[in-house]
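> Give me the fold of what follows.
(chains A, B, C and D)
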Number of protein chains: 2
Amino acid sequence: MPTIKDVARLAGGAPCTVSNTLNGTGYVAKTTRERVLAAVRELGYQPSAIARGLKLGRTNMIALIIPTISTPMFSEMIEGIEEVATATNYNLILCRSARDPKRELTYLNLFRDGRVDGIILAAPKVDDPCFAEVAAATVPVVLVGGKAPGEDVPSVVVDNRRGASEAIRYLLELGHRRIGFINGPLTVFDSRERFKAVKDALGKAGVPFDEHLYIEGDFTRSSGYAAAREIMSRPARPTALFVGGDTMAMGAMQALKDMGFRIPDDVAVVGFDDIKYAQYFEPPLTTVRQPAYQVGSRATKMLLSLIEGKPLRRKHLVMDVKLVIRGSSERRRQTRGERRTSQHEGK
Amino acid sequence: MPTIKDVARLAGGAPCTVSNTLNGTGYVAKTTRERVLAAVRELGYQPSAIARGLKLGRTNMIALIIPTISTPMFSEMIEGIEEVATATNYNLILCRSARDPKRELTYLNLFRDGRVDGIILAAPKVDDPCFAEVAAATVPVVLVGGKAPGEDVPSVVVDNRRGASEAIRYLLELGHRRIGFINGPLTVFDSRERFKAVKDALGKAGVPFDEHLYIEGDFTRSSGYAAAREIMSRPARPTALFVGGDTMAMGAMQALKDMGFRIPDDVAVVGFDDIKYAQYFEPPLTTVRQPAYQVGSRATKMLLSLIEGKPLRRKHLVMDVKLVIRGSSERRRQTRGERRTSQHEGK
DNA sequence: TTGTAGGCGTTATCAG
DNA sequence: CTGATAACGCCTACAA
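Model (predicted):
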């Protein structure tokens, strides 16, 4: 690889002139500029990001620490992050935390050395041990799907409370009174919020929260399967299931079918997420849509603002969610012909 | 951030002694080492990856250039890549190419400056303009899901020919003679291979390849939907559909249902990929499983070998595929009880 | 066994 | 307008 010196030599000048030409800093005579640019082209010169990073203390890299990559919600979020980063000339370093605070900590420590200009930490645990590290970070950190104690660390979350209470209110309106709730682990911010909202919504309707209708899974399909089997085997089983995650809901639906229950006739199911595949479940899943892509892109915009030293207008963003009603919760009144178009949502 | 000098000062020594202590290079007296380590701990010192990268010409970073992130096949592949990279102490820079050779080129050029030690280029086009750049790259490049002309650039692909011909042979065995083929774009390596294999397999069975039963989509669900609608509207429509991608197959199945065809009774469907959701389609999709995660991890191992300067045992890997038979191709003979377990594959 | 000097490729400063 | 010089933080000779 040619260096700036090679270019300077070929153009008959000094390295700093090349630098000034390329970066538009300082004054460079037009003729000089042209000679320099010609030399650059001839050599195929490209400044070394490493050397520049060392000098400037800026790398144009951001790091993303995220539980998994291939989970639909997270992979969409990653796409939103990548999009904004790339558009702003930043590169993305991808780190999988597997929801393990130790790994989060390792990465957070790794990145204290200036190799990245900012960090997005996705889905930290409630009381995550790494929050101390986050507070002491040498670069801006934005939290996604979680909040650190206090108001200091900027965050983007979805409106879990609203989503969960809408789901519950909707099921109540349909006449359900025994509503099972398959939640994610309470160590996860989203799950905790949803838990509170569900209790609240039930309480307001005068329906007592029944612990026997509550189970926690771990967001996997198999945990949803197991949870549904369990909950449907208990006495006084529910007539509806609210599942905090579409992948778990998929497992739950499978369990219901395997146990011989019809959806929604015997049991209504409402999920959370609205992953791409939710509308193609059988029956299509009623679920609370959360804008994963936008969560990612907004968080990245916040991070980039912080990196540029711009103040944030709002430190904590709560993204809107929306209940999407499909066949898993209401008996179909549609004819075959109507389904044809109704099922063909989006691309 | 403290530098190596700060540590040296605190420990009462020279920077190089700190370096030697930390890297195990040269001789360091035990007492000195201890003093150094104590100072390191006290200051929370961590070597700067940037400075080290500049000095050593090695960054422990690899770049991945891949069409999309949230497509199931690709996101699994990314996970395989991330896994191996992390385990070997490398970090992953994620770049989305959107199948655009221009973007591939931009990235390939960007990375010539030494900021990464190696590059994985996923799903390049056949005759991709960036192959020239790949050949001239300053760091090792491994191709995934594609091959450059000649034998020079290492690659990992799946056995598309075997997969496609098994699918076709299977449909022929079931008695199908008019087999529609919804393929991906022929600019994609996989699609091209599958195309040849399908022609071959039909030819060997004495069934002529009928162009009216062939359509290309772009791997999206909507393109599968449109393609199936189109192909099923033509005269002498097929009794079976082989679809080169499960997401497209999902769209195709939707189209078939909307048109009133029963699967598999009126039309059998066989996909390619075996994405996680394929087994939960209605009916569950018969498809050719490709090991996306392993493709990613193997490619990364190859790349890391090249980076370490180790010779490759084999420059070109072809990963095995496997036809997975489910309900979309054969009329169910199972009772409800049997389905229960058969549908509950994997997690 | 330890320390000194130089350089990796840039860019900022400041003198010419 | 241009160029010499120093510095970013680290590592590797080589000298002490």
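> what's the helix or strand for the most centrally placed residue in chain A?
Central residue of chain A (CA atoms, centre = their mean): A:M77, 4.2 Å from the mean position. Using DSSP states H and E, A:M77 sits in helix A:72-87.
> Flag the shaky bits of chain A, pLDDT-wise.
In the predicted model, chain A carries pLDDT under 70 at residues A:332-347.
> domain parsing for it?
Domain segmentation of chain A under automatic domain parsing yields A:4-47, A:61-157+A:293-318, A:160-290.
> between the ones you listed, which gets nearest to DNA strand D?
domain A:4-47 (3.3 Å; CB to the nearest atom of the strand). All C-beta spots, glycine's among them, are computed from the backbone N, C-alpha and C.
> what's the closest residue to A:Y277 other than its chain neighbours in contact with, if anything?
Distance criterion CB to CB, 6 or more residues apart in numbering or on different chains; nearest residue to A:Y277, sequence neighbours excluded, is B:Y277 at 5.0 Å. Residues in contact with B:Y277 (CB atoms under 8 Å, 6 or more residues apart in numbering or on different chains) are A:250, A:277, A:280, B:72, B:246, B:250.
> number of nearby residues for A:L256?
A:L256 has 22 neighbours, counted by other CB atoms under 10 Å in any protein chain shown.
> thought it was touching A:V269?
Yes. Checked against CB atoms under 8 Å, the pair A:L256 and A:V269 is within contact range at 7.2 Å.
> Mutual contacts of these two, please.
In contact with both A:L256 and A:V269: A:241, A:263, using CB under 8 Å, 6+ apart.
> Save the domains of chain A as a markdown table, and put in distance to B:V158 too.
Listed next are these as a markdown table, based on distance: least, CB to CB, whole Å:
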| stretch | distance to B:V158 |
| --- | --- |
| domain A:4-47 | 35 |
| domain A:61-157+A:293-318 | 17 |
| domain A:160-290 | 23 |
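> so what's the closest residue to A:M73 other than its chain neighbours up against?
Once flanking residues are discounted, A:M73 sits nearest to A:A292: 4.8 Å by CB to CB, 6+ apart. Residues counted as contacts of A:A292 (CB under 8 Å, 6+ apart) are A:72-74, A:76-77, A:80, A:273.
> and if we set it to 6 Å?
For A:A292, the contacting residues are A:73, A:76-77, by CB atoms under 6 Å, 6 or more residues apart in numbering or on different chains.
> Now do the buried residues in stretch A:186-195.
Residues of stretch A:186-195 classed as buried: A:187-195 (neighbour count, 16 or more other CB atoms under 10 Å in any protein chain shown).
> Inside helices: which ones of those?
A:189-195 (DSSP state H).
> ok, and what's touching the one helix or strand A:G224 maps to?
Assessed by DSSP H and E, A:G224 sits inside helix A:221-233. Outside helix A:221-233, the residues that touch it by CB under 6 Å, 6+ apart are A:180, A:182, A:215, A:217, A:247-248, A:250-252, A:254-256, A:259, B:347.
> same thing but 8 Å
For helix A:221-233, contacts defined as CB under 8 Å, 6+ apart pick out A:180, A:182, A:213, A:215-217, A:237-238, A:241, A:243, A:245, A:247-256, A:258-259, A:261, A:267, B:344, B:347.
> got the CA coordinates for that helix in CSV?
Extracted C-alpha coordinates of helix A:221-233, given in CSV (Å, rounded to 0.1, in the frame of the first residue of the first chain):
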residue,chain,number,x,y,z
ARG,A,221,-39.8,-21.4,20.5
SER,A,222,-39.3,-24.4,22.6
SER,A,223,-39.8,-22.5,25.8
GLY,A,224,-43.1,-21.2,24.4
TYR,A,225,-44.1,-24.7,23.6
ALA,A,226,-43.3,-26.0,27.0
ALA,A,227,-45.0,-23.1,28.7
ALA,A,228,-48.2,-23.5,26.8
ARG,A,229,-48.3,-27.2,27.5
GLU,A,230,-47.8,-26.5,31.1
ILE,A,231,-50.3,-23.7,31.5
MET,A,232,-53.0,-25.6,29.5
SER,A,233,-52.6,-28.6,31.7
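> What's the first helix or strand after that helix?
With elements assigned by DSSP H and E, the helix or strand that comes after helix A:221-233 is strand A:240-243.
> If you count neighbours, what's buried in the helix or strand that that following strand is followed by?
Using DSSP H and E, the helix or strand that follows strand A:240-243 in sequence is helix A:246-258. Across helix A:246-258, burial judged by 16+ other CB under 10 Å covers A:246-258.
> Is helix A:246-258 in proximity to chain B?
Yes. With CB under 8 Å from any CB of the partner chain as the criterion, chain B is reached by helix A:246-258 at A:250, A:254, A:258.
> so which of the residues you listed comes closest to DNA strand C?
A:M250 (50.4 Å).
> pretty sure that closest one contacts B:Y280?
Yes. With contact defined as CB under 8 Å, A:M250 reaches B:Y280; the gap is 6.1 Å.
> contacting residues around the helix or strand that contains A:V198?
A:V198 belongs to helix A:189-204 when assigned by DSSP H and E. With CB under 8 Å, 6+ apart as the test, helix A:189-204 has contacts from A:123-126, A:145-147, A:157-158, A:160-165, A:168-169, A:172, A:179, A:181, A:183-186, A:208-209, A:216, A:242, A:244, A:272.
> Report the buried members of the residues you listed.
Using 16+ other CB under 10 Å as the burial test, the contacts of helix A:189-204 include A:123-126, A:145-147, A:157-158, A:160-165, A:168, A:172, A:179, A:181, A:183-185, A:216, A:242, A:244, A:272 as buried.
> Return the subset of those residues lying in strands.
Counting by DSSP state E, the part of the buried ones among the contacts of helix A:189-204 found in strands is A:157-158, A:179, A:181, A:183, A:216, A:242, A:272.
> check these against chain B, which are close?
Counting by CB under 8 Å from any CB, no member of these reaches chain B.
> any idea which of the residues you listed is closest to B:T68?
Nearest to B:T68 among these is A:V158, at 22.9 Å by CB to CB.
> contacting residues for that closest one?
A:V158 makes contact with A:145, A:190, A:290-291, A:295, A:318-321, according to CB under 8 Å, 6+ apart.
> so what's A:Y27 up against?
So A:Y27 contacts A:N20 (CB under 8 Å, 6+ apart).
> in a helix, that's where it is, yeah?
No. Going by DSSP: H, G, I helix; E, B strand; the rest coil, the assignment for A:Y27 is coil, not a helix.
> Residue in the stretch 51-200 of chain A with the shortest distance to DNA strand C?
DNA strand C sits closest to A:A51 of the stretch 51-200 of chain A, with a gap of 3.3 Å, by CB to the nearest atom of the strand.
> and the angle from the strand or helix carrying that residue to helix B:49-56?
In this assignment (DSSP H and E), A:A51 forms part of helix A:49-56. Between helix A:49-56 and helix B:49-56, the angle comes out at 130 degrees (axes from the mean of the first three to the mean of the last three CA atoms, to 10 degrees).
> any idea which helix or strand comes after helix A:49-56?
strand A:61-66.
> Direction included, what does that following strand pair up with?
Strand A:61-66 pairs in its sheet with strand A:91-96 (parallel), strand A:118-122 (parallel), by DSSP bridges.
> Mean neighbour count, those strands: which tops it?
Stretch with highest mean neighbour count among the strands paired with strand A:61-66: strand A:118-122 (a mean of 26; mean count of other CB atoms under 10 Å in any protein chain shown).
> Now do it against helix A:72-87, angle only.
For strand A:118-122 against helix A:72-87, the angle by the same axes, to 10 degrees is 170 degrees.
> CA atoms only: put strand A:118-122 into PDB for me.
The C-alpha trace of strand A:118-122 is given here as PDB (Å, rounded to 0.1, in the frame of the first residue of the first chain):
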ATOM      1  CA  GLY A 118     -19.400   4.800  20.500                       C
ATOM      2  CA  ILE A 119     -21.300   1.800  21.600                       C
ATOM      3  CA  ILE A 120     -24.900   0.500  21.400                       C
ATOM      4  CA  LEU A 121     -25.700  -2.000  24.000                       C
ATOM      5  CA  ALA A 122     -28.900  -3.900  23.200                       C
END
